[in-house]
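Asks: With the sequence up front, the predicted model follows.
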Amino acid sequence: MTRHEVVSPIPGVFYRRPDPDSDPFAKEGQTVAADDTVCLVEVMKSFHQVSAGAAGRIVEFLVENEDVVDAGQPVAVIEAGS
């Protein structure tokens, strides 16, 4: 299996949920499609959806909800093809 890192496209604040009252976009162990949203990154009140980028199973998230992330920083790992 190939490991794929989901990276933040921009610097900002990482969110696993669309809003505080909703379930996370994705959970560890969940199977996702390449175009599924796995998180949001917010900068200056603008929220950017981040897609998985590869179909497979989410192995782990590398940052916590509401952590500050940099552009290009890995935020999750997917085992592609599983």
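Replies: It's in.

Asks: For Arg57, pull up the helix or strand it's in.
Replies: strand 56-61 (DSSP states H and E).

Asks: so how far is that strand from its chain's centroid?
Replies: 9 Å (C-alpha atoms, centre = their mean, to the nearest Å).

Asks: what's the answer for stretch 39-53, then?
Replies: With C-alpha atoms, centre = their mean, you get 9 Å for stretch 39-53.

Asks: Between its first and last residues, how far does that stretch reach?
Replies: Separation of the first and last residues of stretch 39-53 by C-alpha to C-alpha, to the nearest Å is 12 Å.

Asks: ok, and for that stretch, which residues are buried?
Replies: Neighbour counts over stretch 39-53 (16 or more other C-beta atoms under 10 Å) mark 39-41, 50-53 as buried. (Each C-beta comes from the backbone N, C-alpha and C, glycine too.)

Asks: Report all helices and strands that the next helix or strand after the strand holding Arg57 contacts.
Replies: Toward the C-terminal end, the helix or strand that comes next after strand 56-61 (DSSP H and E) is strand 68-69. Contacts defined by 3 or more C-beta pairs under 8 Å, 6 or more residues apart in numbering; DSSP states H and E place strand 68-69 against strand 12-15.

Asks: What mean pLDDT does the strand it packs on get?
Replies: Averaging pLDDT along strand 12-15 gives 98.

Asks: Which strands and helices lie in contact with that strand?
Replies: Secondary elements touching strand 12-15 (3+ C-beta pairs under 8 Å, 6+ apart): strand 37-43, strand 68-69.

Asks: Retrieve the pLDDT associated with Gly53.
Replies: 95.

Asks: where in the chain is pLDDT low?
Replies: Along the chain, the parts satisfying pLDDT under 70 run over 82.
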